[in-house]
Structures are given as C-alpha cells and as structure tokens.
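Need a 3D model of the following:
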Amino acid sequence: MRIDAHHHLWDLSRRDQPWMDGPWADPIRRSYALPDLAPHLAEHGVDGTVVVQSSSSYDETRELLAVAAGEGPVRGVVGWADLTDPALADVLDALPAGLVGLRHQVQDEPDPDWLIRPEVLRGLGVLADAGLVYDLLVTPRELPAAHAAVRALPELAFVLDHAAKPAVAKGDWQPWADGIAALAQLPNVNCKLSGLVTEADWAAWRPQQILPYARHVLDAFGPERVLFGSDWPVCTLAADYEDVIALAESATSRLGEAERAAVFGGTAGRVYGIGAAG
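Numbers count the residues shown, from 1 in each chain. Here you go, the predicted structure:
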C-alpha cells in the first residue's frame, strides 16, 4: 500500500489562492483536479492520498471533503478551520465525514509565536478532543513555537509539513537541523518527507543537495514517524512527480523493506487513520 500523504487540488474559477502572490507562481496558476493527478498515482502504484488545504476557506474544505467522499484515491482531508473560534468544536461537528486534520498557513503569520497564543492552543486542544491531527506549516523561524506547542499538547498528534522548509538553495543547515532534532524528541510529532525540491534552486537542483536534509529527517524521526508526500502540483515548479518519487526512494534506499513501507504508506495510514480502501 502506497499513500501520497500531501497533495493539493484547487479550482481558480471558484477562488483565488492568495499565496500565489507573484510571477513565480505563473507555471501553476491554473486549476488542478483529480484527473490531472491520477495518471501519476497509477504510474507509481500510489493507492491512496491525503489532500491538504491551500486556502483559509471553509468552502474549500467542504469541496475537498466532497472529493474524498466520491470515487477515487483521496482517503482523507487536511482542511482549514479557524483555531481561534470559540465555537470550533461545533464547526468541526458540522463538517462532513473525511476530515483527518487541520492546517493553517502559520508561515504567513507576522507573529512567529502565533502557534503558542492562548487562543490557538485552546483551539489545538479542541482538535485533540476531536481525534484529529494538526499539520504544522512552518519555516525555521517558527520552529521554536512549534516545539512549544507540541510539548504543550502531548495528547494531540502533529505532522510537520515539508520538514519545516529548510533553505536548501542557500545550503543553510543551522538552526534548522537542531530544530528538527529537538522536535523529533517529542513522540507526538511526525514529519512529512515532502516539499524539499521547491526549497532548492528550481532550475539547477541536484539530488545530492537535497538528500542530506531528507536523511536528517529520517535519522531524527525514524522511518516509523516519516510520511512521503509529493506536494503536487506545487512541486512541479521544480520537479515532476516522477522526480519527487525518485528523490524519496533515493533518500530511503538505505532502509529495510519494512521501513520503506512505513515511509511510503504505513506511517500515513497510522497517523491519519486511513488505508488504501478508505
């Protein structure tokens, strides 16, 4: 069983994606639907996926949940909700089935300590009560707050997206590497092996520039707490789906068969409570 634990779908005829804030995004400035992704999944034997929010929109979350409810590979949705809403529990109860977690673009918040604001921590507690997962979208700047939030809520399962976006293009290693190692000491956080190609030089990256970051994640968390994600279609700014798969397979080539199976599906199935058959 193979699971792609991180991809996106969006329809620009329904809503803009505010993060596409410059010409850099022009190559992906179009709508993406499941039929665009399906051939890549079939080619690489991917049985199921987790689709992740890309805008702070309840409507988008409901649309993704509708996709998950239909025929196709999507087994779970990491959607969006306002963590600071006092009525968050009721909001979550009103959403259709298929929600496995929430995410917010923490990296875009001006306050690097946004995650540890009292109202945010309260909302994260509501997620824990609901049995949901929280995906951390942070950069090295927000890693200290992420560490504090994970430590404050041992009952909540966290997933770190894109290995906290190390500055691969600049070759920066610290303080990212120490931040990853510290976060990995907390047992309620897992990490996605995803998004690294777009942190490298899009036009000139080479596997040997990215692999040390990927292998540090694997060493720190262990394969049983690492999840493969393509970050499609954002990844296509720098690489196609085949390249991303190949890079992850190279990063895990030193692992045993069971360990690779964890990275490419088992961990996602456990953390998000999903399987190949839904």
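
all contacts plus neighbour counts: C-alpha atoms, from now on.
Will do.

Point out the other helices and strands that the lengthiest helix in the chain packs with.
Longest helix in the chain by number of residues, with DSSP state H as the criterion: helix 207-221. The elements that helix 207-221 packs onto, with contact taken as 3 or more Cα pairs under 8 Å, 6 or more residues apart in numbering; DSSP states H and E, are helix 176-184, strand 189-193, helix 241-251.

Can you name the residues in contact with the second one?
In other words, strand 189-193. Defining contact as Cα atoms under 8 Å, 6 or more residues apart in numbering, one finds that strand 189-193 is touched by 5, 150, 157-163, 183-184, 214, 217, 221, 225-229, 248.

hmm, 6 Å instead?
Under the contact criterion Cα atoms under 6 Å, 6 or more residues apart in numbering, strand 189-193 has outside partners 157-162, 225-229.

now, which of the residues you listed sits nearest residue 204?
Of all these, residue 204 sits closest to residue 162, with 19.7 Å by Cα to Cα.

picking that back up, and the contacts of strand 189-193 as TSV, adding neighbour count and pLDDT?
As requested, these are exported to TSV (neighbours: other Cα atoms under 10 Å; pLDDT from 0 to 100):
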residue	neighbour count	pLDDT
157	21	98
158	26	98
159	26	98
160	25	98
161	24	98
162	26	98
225	25	98
226	31	98
227	30	98
228	28	98
229	28	98
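
Tell me which of the helices and strands packed on helix 207-221 is the most buried.
strand 189-193 (a mean of 28; mean count of other Cα atoms under 10 Å).

Can you tell me how far the closest residue in space to residue 203 that isn't next to it in sequence is from residue 88?
Spatial nearest neighbour of residue 203, excluding adjacent residues (Cα to Cα, 6 or more residues apart in numbering): residue 238 at 6.6 Å. Residue 238 is 37 Å from residue 88, where distance means Cα to Cα, to the nearest Å.

how much space between the residue nearest to residue 203 and residue 244?
Distance of residue 238 to residue 244, given as Cα to Cα: 9 Å.

Common neighbours of those two, please.
By Cα under 6 Å, 6+ apart, no residue touches both residue 238 and residue 244.

which residues of the stretch 151-278 of the chain score low on pLDDT?
276-278 (pLDDT under 70).

looking at it, residue 265 is touching residue 3, isn't it?
Yes. At 4.5 Å, residue 265 and residue 3 qualify as touching, with contact defined as Cα atoms under 6 Å.

give the contact list for the residue most central in space within the chain.
Nearest to the geometric centre of the chain sits residue 161, at 3.8 Å (Cα atoms, centre = their mean). Going by Cα under 6 Å, 6+ apart, residue 161 touches 136-137, 192.
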